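Enquirer: Can you look at this prediction? I've put the sequence above it.
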Amino acid sequence: MRKVVDDPRLIYKCCKLYFEEGLSQQEIADRLMLSRVSVCRMIKAGREQGMVVVQVLSPNRLEYSRLEQKLEQLYGLKEAVVAENSPLNTHFDQMTLIGTETNKLLESYLHDGDVVGVSMGMTLHNVCCSPRPSTDSIHCTFVPILGGINAGRSSTANIHANRIALEFARLYGTEYVEFFAPAIFSDRNIMQGFMKEKPMQRILQYYKEIKTVIMGIGIPDRGGSTMVKAGYITEQELNHMVQQGVVGDLLLQFYNRDGRVEPYQSFNERVAGMPLSQLRQVENKIGIGSGLAKADAIYGALQGGYINILVTDEECAMRLIEMGEEKPV
């Protein structure tokens with residue numbers, strides 16, 4: 001006859017009463033009409049069988065969890081991840097931490113058979129250079145959602161979309177495709193004609209299959225803009241965009257604090273890639289941005305519905321919470 005202490009349902013019940021409801025072993029024994037020794041053995045068995053997982057969280061981690069929950073509630077996010085800010089961290093340390101947290105997150109969202117869209121920029125380059133928690137391959141396909149021909153200096157080649165797709169494929173031990181087109185055309189009609197070509201139609205078909213998009217969130221920093229460095233826009237053009245209320249860009253497309261894109265349509269419609277209207281329809285839209293300077297850009301992206309999963313840092317998270325409480329979403 002099977003021993004009582006081997007019954008998995010009874011083991012689970014003892015563990016639940018002990019760890020979740022706070023009953024003593026003697027109280028559990030009295031309730032279930034068992035000996036205290038049997039209850040003690042079943043609690044031990046619950047630990048050994050993995051029914052009970054003990055996790056010790058630092059006070060800082062608990063605080064970050066509260067920030068994450070608040071962001072999710074305020075902005076209707078599927079998930080928020082807040083990385084630690086430390087006064088001892090260099091900029092490189094902070095970017096590595098953001099990259100590491102992003103890769104931890106991706107383990108939950110990337111699956112075999114998925115088509116995954118990636119944008120461009122230094123943020124995603126840093127993610128690709130950061131460690132993963134697992135070395136197992138994930139057999140998905142990484143697809144650039146922007147044209148990837150370098151329009152600027154060769155030193156910026158590693159931040160272009162084709163290179164980012166390649167680096168993600170290396171990191172996750174899988175495949176990627178390339179999008180051989182300028183990221184931004186000088187004329188909308190020329191771009192539309194180009195995108196009708198058969199190789200481009202193949203890329204557009206991939207866009208319809210994308211389940212997850214991974215993207216950095218850009219800001220109109222005239223002193224260090226990735227778009228300017230890559231040759232996609234001049235400083236004068238960027239100055240004009242700022243005067244028109246631009247707070248950020250996603251997939252090289254500009255938007256304002258309310259997430260509106262209409263004032264910048266003449267520029268945005270020349271971008272060869274996934275339009276923001278299509279981005280809204282993607283199931284998992286992962287936006288990555290940290291630092292107080294990016295708070296307005298992230299806020300606008302949230303207002304526009306362009307991201308529903310956010311990776312940021314403590315300082316930016318706190319500012320976003322302030323902004324969200326000032327104007328309920």
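Expert: Yes, it's here. Quantities reported herein were computed from a predicted structural model and do not represent experimental measurements.

Enquirer: quick one: pLDDT of Arg222?
Expert: In this model, Arg222 is scored at 57, pLDDT.

Enquirer: One more: Gly231?
Expert: Gly231 carries a pLDDT value of 75.

Enquirer: what does the one 5 residues further on give?
Expert: Confidence at Gln236, expressed as pLDDT, is 87.

Enquirer: element containing it, please.
Expert: In the assignment (DSSP states H and E), Gln236 maps to helix 235-243.

Enquirer: Export only the CA atoms of the following helix or strand past that helix, formatted as CSV.
Expert: For helix 235-243, the following helix or strand on the C-terminal side (DSSP H and E) is strand 246-250. In CSV, the C-alpha atoms belonging to strand 246-250 read as follows (Å, rounded to 0.1, in the frame of the first residue of the first chain):
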residue,chain,number,x,y,z
VAL,A,246,9.2,65.5,-32.3
VAL,A,247,10.1,63.6,-29.1
GLY,A,248,11.4,60.3,-30.5
ASP,A,249,11.6,57.8,-33.3
LEU,A,250,10.9,54.1,-33.8
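
Enquirer: how far off helix 235-243 does strand 246-250 point, in degrees?
Expert: 110 degrees (axes from the mean of the first three to the mean of the last three CA atoms, to 10 degrees).

Enquirer: Pull stretch 96-108 out as PDB, backbone CA atoms only.
Expert: The C-alpha trace of stretch 96-108 is given here as PDB (Å, rounded to 0.1, in the frame of the first residue of the first chain):
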ATOM      1  CA  THR A  96      25.400  46.000 -20.500                       C
ATOM      2  CA  LEU A  97      22.900  45.600 -17.700                       C
ATOM      3  CA  ILE A  98      20.100  46.800 -20.000                       C
ATOM      4  CA  GLY A  99      21.300  44.300 -22.600                       C
ATOM      5  CA  THR A 100      21.500  41.400 -20.100                       C
ATOM      6  CA  GLU A 101      18.000  42.200 -18.800                       C
ATOM      7  CA  THR A 102      16.700  42.300 -22.400                       C
ATOM      8  CA  ASN A 103      18.200  38.900 -23.200                       C
ATOM      9  CA  LYS A 104      16.600  37.400 -20.000                       C
ATOM     10  CA  LEU A 105      13.200  38.800 -21.200                       C
ATOM     11  CA  LEU A 106      13.700  37.400 -24.700                       C
ATOM     12  CA  GLU A 107      14.000  33.800 -23.400                       C
ATOM     13  CA  SER A 108      10.300  34.000 -22.500                       C
END
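
Enquirer: which parts of it are buried?
Expert: Using 16 or more other CB atoms under 10 Å as the test for burial, stretch 96-108 gives Thr96, Leu97, Ile98, Gly99, Thr100, Glu101, Thr102, Asn103, Lys104, Leu105, Leu106. C-beta here means a position set from N, CA and C on the backbone, and glycine is covered the same way.

Enquirer: Distance from it to the middle of the chain?
Expert: Mean-position distance between stretch 96-108 and its chain equals 8 Å (CA atoms, centre = their mean, to the nearest Å).

Enquirer: who touches that stretch?
Expert: For stretch 96-108, contacts defined as CB atoms under 8 Å, 6 or more residues apart in numbering pick out 79, 81, 83-84, 89, 123, 126-134, 171, 214, 286, 288, 290, 309, 311-313.

Enquirer: List only those of these flagged as buried.
Expert: 79, 81, 83, 123, 126-128, 130, 132, 171, 214, 286, 288, 290, 309, 311-313.

Enquirer: ranges for the helices of the stretch 51-200 of the chain?
Expert: Using DSSP state H, counting those that start in this stretch, the helices of the stretch 51-200 of the chain run over 59-75, 91-109, 122-129, 161-172, 188-194, 198-209.

Enquirer: Quick one: the ones you listed as a markdown table, columns for mean pLDDT and distance to Gly50 too.
Expert: Output for those, formatted as a markdown table (pLDDT from 0 to 100; distance: least, CB to CB, whole Å):
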| stretch | mean pLDDT | distance to Gly50 |
| --- | --- | --- |
| helix 59-75 | 81 | 22 |
| helix 91-109 | 91 | 19 |
| helix 122-129 | 94 | 31 |
| helix 161-172 | 95 | 27 |
| helix 188-194 | 94 | 55 |
| helix 198-209 | 94 | 36 |
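
Enquirer: quick one, which of the ones you listed is nearest to Gln281?
Expert: Closest to Gln281 of these is helix 198-209 (CB to CB; 9.4 Å).
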